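# quick check, what structure comes out for this input:
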Amino acid sequence: MTVDAGTWSMGDTEIIARAVVEAPSVHDTQPWNLRLPDHSAELEERLEFAEPGPDPLRADRLISCGTALANLELAIRVLGNRARTTVLPDPHRPELVARIETLGPSTPTSRDLRLYAAISHRRSHRESFADIPVPAETLADIVAAAGEVPEVHVRLLAADEATALAHVLAYAAEARRRYPHYQREMFSWTSHWQPRGNSEVVTTWNATLDEAGAAGKALVTTDVPDTDSLAAAIARESVLLFSAPSSSPADLVRVGAAVERAWLAAVDARLSASVLTHPLRVEDAGARLAEMLDLPEPPLVVLRVGF
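Numbers count the residues shown, from 1 in each chain. Purely as a prediction, here's the structure:
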């Protein structure tokens, strides 16, 4: 983080930095840099994470930058500022994800204050939820919070559409089970609806099982989930699908911002949530789900919410 002298106070900087640091990110990498010049804010993508050639995690890193952007905007409003955000504002600085300019003083709303407080309580709930339906009005508020981000479409998965998502998850799991170093990723989505499902504890990994080297103790799946039971579990939960007109960097950033706004609204409503992205990136899984649900664009993020 870089702060220009004479702009933000130390207290302001702490409030902003705390909000950005606590944003969710792919593999908890925090793939962004924060600059605070002249009472404005700039969020940059950390290009050192980029891989040569095709970069399979680029989409998720940009979505992660979007979640940080949502928290950054919220912190600046809480500090009593009107603000204007521009996504990808400078073609000569491709790493610059967004710039927020302050436009004068403004009193933060009670909702802004509640959502800022929710940042520190947001956690990924990686188990099944309690069998308690989320009220329709609460879901509407969560969808509305995400809908404040332009160009992002948010859709609540209907109970009779759970089978489509289950089939796509199973398809992605089947594709990935052929590659041992992806097994931990596979567990991260099949375990949500099968907390005591097909898994085993592996105490050590070697380079042949994990591209990044030894990973230590990890849970891995040993089988593809049963689609019928998976569909029944999904149907009992509230699942939101996020999509955008394209997978351009700007749209991916906006999707991330919308996901974080929805997540904070869920936390404010005393709900838990978790995000799934990896299965949608496996081969043509996202396109398959879009075709099954008659969606104009493949979903980019799945957000589960519940008690």
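# buried set for stretch 267-277?
Of the residues in stretch 267-277, those buried under the neighbour-count criterion (16 or more other C-beta atoms under 10 Å) are 267, 268, 269, 271, 272, 273, 274, 275, 276, 277. Quick note: C-beta positions are derived from backbone N, CA and C, even for glycine.
# Serialize those residues to a markdown table and add fields for pLDDT and distance to residue 112.
Rendered in a markdown table, the data for those read as follows (pLDDT from 0 to 100; distance: C-beta to C-beta, whole Å):
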| residue | pLDDT | distance to residue 112 |
| --- | --- | --- |
| 267 | 98 | 14 |
| 268 | 98 | 11 |
| 269 | 98 | 16 |
| 271 | 97 | 19 |
| 272 | 95 | 22 |
| 273 | 95 | 20 |
| 274 | 92 | 24 |
| 275 | 93 | 23 |
| 276 | 90 | 28 |
| 277 | 91 | 27 |
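# narrow the residues you listed to those in strands?
272, 273, 274, 275, 276 (DSSP state E).
# which among the buried residues of stretch 267-277 gets closest to residue 120?
The shortest separation between residue 120 and any of those is 9.4 Å, and it belongs to residue 267 (by C-beta to C-beta).
# quick check: the closest one touching residue 120?
No: between residue 267 and residue 120 no contact is recorded; they are 9.4 Å apart, counting by C-beta atoms under 8 Å.
# hmm, back to that, closest to residue 26 out of the buried residues of stretch 267-277?
Within the buried residues of stretch 267-277, distances to residue 26 taken as C-beta to C-beta reach their minimum at residue 277, with 7.4 Å.
# spit out the contact partners of the closest one.
If a contact means C-beta atoms under 8 Å, 6 or more residues apart in numbering, then residue 277 has 26, 59, 60, 63, 300, 301, 302 as its contacts.
# let me see the mean pLDDT of stretch 50-65.
For stretch 50-65, mean pLDDT rounds to 84.
# and stretch 280-298, by the same measure?
Averaging the model's pLDDT scores along stretch 280-298 yields 95.
# end-to-end on it?
8 Å (C-alpha to C-alpha, to the nearest Å).
# can you list the buried residues in that stretch?
Of the residues in stretch 280-298, those buried under the neighbour-count criterion (16+ other C-beta under 10 Å) are 280, 281, 282, 285, 286, 288, 289, 290, 293, 295, 298.
# off-centre distance for that stretch?
Taking C-alpha atoms, centre = their mean, to the nearest Å, one finds the center of stretch 280-298 at 18 Å from the center of the full chain.
# repeat for stretch 111-119
Stretch 111-119 sits 18 Å away from the centroid of its parent chain (C-alpha atoms, centre = their mean).
# which residues touch that stretch?
Defining contact as C-beta under 8 Å, 6+ apart, one finds that stretch 111-119 is touched by 18-19, 22-23, 71, 74-75, 77-78, 261, 264-265, 267-268.
# and the furthest pair within those residues?
With distances taken as C-beta to C-beta, the most widely separated pair in those is 18 and 265, at 19.4 Å.
# so between those two, which is more surrounded?
When neighbours are counted by other C-beta atoms under 10 Å, residue 18 and residue 265 differ, and residue 265 comes out ahead with 25 against 14.
# list the contacts for that one?
Residue 265 makes contact with 115, 118, 141, 142, 144, 145, 146, according to C-beta under 8 Å, 6+ apart.
# now, of those, which are buried?
For the contacts of residue 265, a burial check counting by 16+ other C-beta under 10 Å picks out 115, 118, 142, 145, 146.
# okay, and for the stretch 1-150 of the chain, where does confidence drop off?
Counting by pLDDT under 70, the low-confidence segments of the stretch 1-150 of the chain come to 1-6, 53.
# all strands for it, in order.
2-3, 32-36, 40-45, 81-87, 96-105 (DSSP state E, counting those that start in this stretch).
# among these, which is the most enclosed?
Ranked by mean neighbour count under mean count of other C-beta atoms under 10 Å, the strands of the stretch 1-150 of the chain are led by strand 40-45, which reaches a mean of 22.
# chain center to that strand: distance?
19 Å.
# cool, and stretch 148-158?
Averaging C-alpha positions (C-alpha atoms, centre = their mean) puts stretch 148-158 14 Å from its chain's average.
# that's all I had, so thanks and see you.
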